[in-house]
Each structure stands twice: as C-alpha cells, then as structure tokens.
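Undergrad: model the following, please.
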Amino acid sequence: MAKHGKKYTAALAKVDIEKIYSAAEAVALAKETSITKFDSTIEVHLRTTLDSRQADQQLRDVVVLPNGLGKTVRVLVFSQGEGAAAARAAGADMVADDDESLKKIEGGMLDFDVAIATPDAMGKVGRLGRVLGPRGLMPNPKAGTVVPATDIARAIKEAKAGRVEFRLDKTNNIHVMVGKASFDADKLLENYNALMDAINKARPSGAKGNFIKHITVASTMGPGIKVDPNEHVKGVE
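TA: Numbers count the residues shown, from 1 in each chain. This is a model prediction of the structure:
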C-alpha cells in the first residue's frame, strides 16, 4: 500500500470516509483539504451504470460553468478565409489556416487547451487525429467545437469563459474539473450544480433509473470525498 505524506494524512483525517456528504459540504471540504503549494484543481469523478459499448448509452456533451475554471484557456481555431478572420477578431490565441501551421501541430506543437474548427477545415484537421485525439483536443460537433464561421465568436467566448466537455470513458466513468481551490465554496457549488444539471439533461436513452452510481469530489492530490448521488436526480425515473 502506498505511503502518504503528513499533509495528505492530516487532510484525510478531516474526511469521514464512511459519510455521504451533500454537494455543498463536499466542495467546502475539498477546498479545506487541498494540500498542494499551487492552486489545486477541484475535480468531480462519477461512476455510472452505463455501458459505453452500447450505442444508446453514450454520454458526451458540454457545459459552460457559471464561474469559469479559474485558468486562462488558450484557444486554437482551424479555419480559413472568413472563419479565420472571425477567429482572429474574436480573440483566438492561434489560428491554423495554412499548411505550415498544420505541420507544426502535426509535429507536436500543442500550446493550446481547446481546439475549435469550422466544417470546411475538418478535412485537413482529420489527419491530425493521432496527435489531437489522445489529448482530447480533436474538434467534435457533439462537444460544440465544430461550428460554422458565423458561430466562431460565440464558441471562442464560451471556451474562454469556462466551457468544459464531459464524456463517458471506457471504464464508464466521467471526470470533470469544476474550478480551483481558491474559489469561494459557493462558486464551486454553482459550478458543480451546473455540471450535474447538464449531465442529467444529457441522459442517454438507454439509461435505467439513476445512472449515476457514485460521486467523489477531490482537490488535486487530495483525499476523495463521497457525494450523495441522489441530490440531482429529482424527477428522473
């Protein structure tokens, strides 16, 4: 069994591992048990009863967190012509509109957090799948990152404001960040509630009952805090 340091042990002592906390209690405790010297991220981990192998149990969507993520989000836009011009005007950090910029990304230049593309650029973006895919940076219509040129400004604004994607992984779990330990507890709770509402709205047709089995909230390297999974399933049968 791995040994933990004194800071982690002290933080863990503040958590009742048998207790199922309310969301409000959990985010406040996650703040209190943050042990890193840097401003740690508050993360939400959900275990579901879904089966990612089934077409009617896929879950993937986006949510704009009301209080953002507490970090500067660098946005790259794949486009050309009108879309590229709109991206630059809207404050994109980088615009890949020629072969040279595409080759740089293909070679590993990944100094961005979100990639947005217009449909006319997806033919060229497709060849970057091996580079972008494993890092979760591949533009995708379901994630709201493939948009027409007329929606570029809105997509960039939302990305910088705190739009995050959530999706079911191969182990049928979902992992999402909802802010920083430096956030006020009420702002973390607002972000958490927005995430949970979005997940319930994205409920797959093949989901049965309460498809969220366990929820854990934790700060980076901090102890996990169990959250009541029934708090956000009112009206869901």
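Undergrad: which parts of the lengthiest helix in the chain are buried?
TA: Criterion DSSP state H: the longest helix present in the chain is helix 185-201. Under the neighbour-count criterion of 16 or more other CB atoms under 10 Å, helix 185-201 has 185, 187-196, 198-200 buried. In this view, the C-beta of every residue, glycine as well, is placed from N, C-alpha and C.
Undergrad: helices or strands next to that helix in the packing?
TA: In terms of contacts (3 or more CB pairs under 8 Å, 6 or more residues apart in numbering; DSSP states H and E), helix 185-201 is packed against helix 23-32, strand 41-48, strand 60-64, strand 163-167, strand 173-180.
Undergrad: just put these in JSON lines and tack on mean pLDDT, distance to residue 142 and mean neighbour count.
TA: Listed next are the helices and strands packed on helix 185-201 as JSON lines, based on pLDDT from 0 to 100; distance: least, CB to CB, whole Å; neighbours: other CB atoms under 10 Å:
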{"stretch": "helix 23-32", "mean pLDDT": "95", "distance to residue 142": "26", "mean neighbour count": "22"}
{"stretch": "strand 41-48", "mean pLDDT": "96", "distance to residue 142": "17", "mean neighbour count": "21"}
{"stretch": "strand 60-64", "mean pLDDT": "89", "distance to residue 142": "5", "mean neighbour count": "17"}
{"stretch": "strand 163-167", "mean pLDDT": "89", "distance to residue 142": "8", "mean neighbour count": "19"}
{"stretch": "strand 173-180", "mean pLDDT": "95", "distance to residue 142": "14", "mean neighbour count": "21"}
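Undergrad: so which of these gets nearest residue 207?
TA: Nearest of the helices and strands packed on helix 185-201 to residue 207, taken as CB to CB: strand 41-48 at 8.2 Å.
Undergrad: who are the packing partners of the closest one?
TA: When contacts are defined as 3+ CB pairs under 8 Å, 6+ apart, strand 41-48 packs onto helix 23-32, strand 173-180, helix 185-201, strand 212-219.
Undergrad: ok, now with 10 Å
TA: Helices and strands touching strand 41-48, by 3 or more CB pairs under 10 Å, 6 or more residues apart in numbering; DSSP states H and E, are helix 23-32, strand 173-180, helix 185-201, strand 212-219, strand 225-227.
Undergrad: got a list of contacts for the last one?
TA: Contacts with strand 225-227, where a contact means CB atoms under 10 Å, 6 or more residues apart in numbering, come from 14-30, 32-33, 44-46, 192, 196, 212, 214-219.
Undergrad: what do you get if the cut-off is 7 Å, keeping everything else the same?
TA: With CB atoms under 7 Å, 6 or more residues apart in numbering as the test, strand 225-227 has contacts from 15, 19, 20, 21, 23, 26, 29, 30, 215, 216, 217, 218.
Undergrad: same question, the third one
TA: Applying CB under 7 Å, 6+ apart, the external contacts of helix 185-201 come out as 23-24, 27-28, 31, 42, 44, 61, 63, 65-67, 166, 176, 178-179, 232-233, 236.
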